[in-house]
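*Asks:* Show me how the following folds:
(chains A and B)
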Amino acid sequence: MSSPESSEYDGTEAAPHGKARSTEWPLWEIFIRGQHGLSHRHVGSLHAADAEMAIKNARDVYTRRNEGVSIWAVEASAIAASSPEEKGALYEPANDKVYRHPTFFDIPDEVGAM
Amino acid sequence: MYAQMIKSTGKGIKSLDEMDPEERAFQERIDAGGKIEPKDWMPDGYRKNLIRQIGQHAHSEIVGQLPEGNWITRAPTLERKAILLAKVQDEAGHGLYLYCAAETLGVTRDQMTRDLLSGKMKYSSIFNYPTLTWADMGAVGWLVDGAAIMNQVPLQRTSYGPYARAMVRICKEESFHQRQGFDIMMKMANGTAAQRKMAQDALNRFWFPALMMFGPSDKDSVHSAQSMAWKIKMNTNDELRQKFVDETVPQAEYLGLTIPDETLKFNEETGHYDFAEPDWEEFFQVLKGNGPCNTERLAARNKAWDEGRWVREGLLAHAEKKRSRKMAAE
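*Replies:* Next comes the predicted model:
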């Protein structure tokens, strides 16, 4: 059996995500706001030479079926993101503050809805 | 499916006890149904496998535009033309969703494009078959997109977040593709004798290539186990192929068309159809580049890339000029 596995694909080396690349158009992250009053939501990314083109491309790529009424395009290199290693420091302090949730407090039934 | 014969880089599957703590935590998260996100730690093999798989899937969407694009100018009515245009545009969109998912793993778009154009990265074998008549547009939508859906629906639950999210978008749109194909087949199958003959001919030519889309038989598919442990492959090739046959045979019967397999028979015992395997030697030849249209498809992509170069460079130069003018004015 002649197997194509002999031509294993292994050439692609990882490069930092979002870093400026010499010949490529910059990477833009696209956010779309739908029709029903929800906030803009990340839908994906695309390449474009400038912001105007990013919005035009986003319209073609991400709103072919009336998914949105507003587009934000942000150059990926301009986004600051938290890293997974910070998870504990950032989010664990919230775990022992259960009193921030309304269900922490018992309100007697006779008081009614609150 | 759209990614066939993805070679796993792992050296067999390790048990949880054999893993170092990082890898063990990673595997346990996947086992618990958690998602892996771009910045999370992941084994090198997981990253490489996913780049290959998502990249091959993306390339398939892009090259898959060619056999259908062939019929846009010759669609029988204005409505069919508009529908086909929308479908081919969706395929471009699907390719882009997938490229951007692959890019989150650290590979650049240009690198993936170069590897497609050089023949280093593959795309699905199915797109190396020609589309000879209008009925082929029906058969492609019905069978090829139908087979793709079988694979893509479970991939919505894959462990890599960006890939799963791309799949959710793709699956929403893919159902339109299969239905428009079946609609063309219905029209042809209920048309004149000549149209019926064209529909049958299209089914005859696309049936076995569609079965090949699921990849080699499980007994010859040596790289599945690691991919399934990582949940970047959700079902075995044979499972999905059987599911496809079971769903498609009654549809062919409805159309009054005959599946080109004399051994096809419903098996009361198993509750599934028994069917003939495709010619695997043909499959391997097509993957190696010796299918009917391999040369033509790659030449078309290379031509588009080469001839688009001045546009890519020109728009980038224009954007840079605008930026520097704006900075000078401020």
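*Asks:* Okay, helices next: where are they in the chain?
*Replies:* Picking chain A for this. A:51-62, A:87-91 (DSSP state H).
*Asks:* please go with chain B instead
*Replies:* B:21-31, B:44-63, B:65-69, B:78-103, B:109-117, B:135-139, B:146-155, B:161-189, B:193-212, B:224-229, B:237-255, B:280-285, B:294-307, B:309-329.
*Asks:* Give me the distance between the fifth one and the centre of its chain.
*Replies:* Taking CA atoms, centre = their mean, to the nearest Å, one finds the center of helix B:109-117 at 17 Å from the center of the full chain.
*Asks:* now swap in the second one and tell me
*Replies:* Helix B:44-63 has its average C-alpha position 10 Å from the chain's average C-alpha position, going by CA atoms, centre = their mean.
*Asks:* if I look at the most centrally placed residue in chain A, how far off is chain B?
*Replies:* Computing the C-alpha centroid of chain A and ranking residues by CA atoms, centre = their mean puts A:His42 first, at 4.3 Å. As defined by CB to the nearest CB, to the nearest Å, A:His42 lies at a distance of 9 Å from chain B. To be clear about C-beta, it is placed using only N, CA and C from the backbone, and glycine gets the same treatment.
*Asks:* Pick out the shakiest of the helices of chain A, pLDDT-wise.
*Replies:* Of all those, the minimum mean pLDDT falls on helix A:87-91 (a mean of 88).
*Asks:* what's in contact with it?
*Replies:* Residues from elsewhere that reach helix A:87-91 (CB atoms under 8 Å, 6 or more residues apart in numbering or on different chains): A:Ser82.
*Asks:* For stretch B:64-72, what does the pLDDT average out to?
*Replies:* According to the model, stretch B:64-72 has a mean pLDDT of 95.
*Asks:* Can you give me the first-to-last residue distance of it?
*Replies:* 14 Å (CA to CA, to the nearest Å).
*Asks:* what's in contact with that stretch?
*Replies:* B:2, B:81, B:84-85, B:87-88, B:91-92, B:95, B:123-124, B:126-127, B:129-131, B:134, B:136-137, B:140, B:144, B:293, B:297, B:300-301.
*Asks:* Could you tell me which of those count as buried?
*Replies:* By neighbour count, with 16 or more other CB atoms under 10 Å in any protein chain shown, the contacts of stretch B:64-72 hold B:2, B:84, B:87-88, B:91, B:95, B:123-124, B:126-127, B:129, B:131, B:134, B:136-137, B:140, B:144, B:293, B:297, B:300-301 as buried.
*Asks:* give me the subset of these touching chain A.
*Replies:* Taking CB under 8 Å from any CB of the partner chain as the test, chain A is in contact with none of the buried ones among the contacts of stretch B:64-72.
*Asks:* Out of the helices of chain B, which one sits most buried?
*Replies:* Comparing these by mean neighbour count (mean count of other CB atoms under 10 Å in any protein chain shown), helix B:135-139 comes out on top with a mean of 27.
*Asks:* list the helices and strands that helix packs on?
*Replies:* Contacts defined by 3 or more CB pairs under 8 Å, 6 or more residues apart in numbering or on different chains; DSSP states H and E place helix B:135-139 against helix B:161-189, helix B:193-212.
*Asks:* Out of these, which gets nearest to chain A?
*Replies:* helix B:161-189 (7.3 Å; CB to the nearest CB).
*Asks:* follow-up on the earlier one: now the helices and strands packed on helix B:135-139 in CSV, with distance to chain A and mean pLDDT?
*Replies:* Output for the helices and strands packed on helix B:135-139, formatted as CSV (distance: least, CB to the nearest CB, whole Å; pLDDT from 0 to 100):
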stretch, distance to chain A, mean pLDDT
helix B:161-189, 7, 95
helix B:193-212, 13, 98
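*Asks:* For A:Ala76, find the nearest of those helices.
*Replies:* A:Ala76 sits nearest to helix B:161-189 of all the helices and strands packed on helix B:135-139, at 13.0 Å, using CB to CB.
*Asks:* so what does the closest one touch, helix or strand wise?
*Replies:* strand A:41-47, helix B:44-63, helix B:78-103, helix B:135-139, helix B:146-155, helix B:193-212, helix B:237-255.
*Asks:* switch the cut-off to 6 Å
*Replies:* Packing partners of helix B:161-189 (3 or more CB pairs under 6 Å, 6 or more residues apart in numbering or on different chains; DSSP states H and E): helix B:78-103, helix B:135-139, helix B:146-155, helix B:193-212.
*Asks:* roughly how far apart are the nearest residue to B:Asn235 once chain neighbours are set aside and B:Lys233?
*Replies:* Excluding the flanking residues, the one nearest B:Asn235 by CB to CB, 6 or more residues apart in numbering or on different chains is B:Pro154, at 5.7 Å. B:Pro154 sits 9 Å away from B:Lys233, going by CB to CB, to the nearest Å.
*Asks:* same thing with A:Ala58?
*Replies:* In terms of CB to CB, A:Ala58 sits 31 Å off from B:Lys233.
*Asks:* again with B:Phe214
*Replies:* Distance from B:Phe214 to B:Lys233, by CB to CB: 11 Å.
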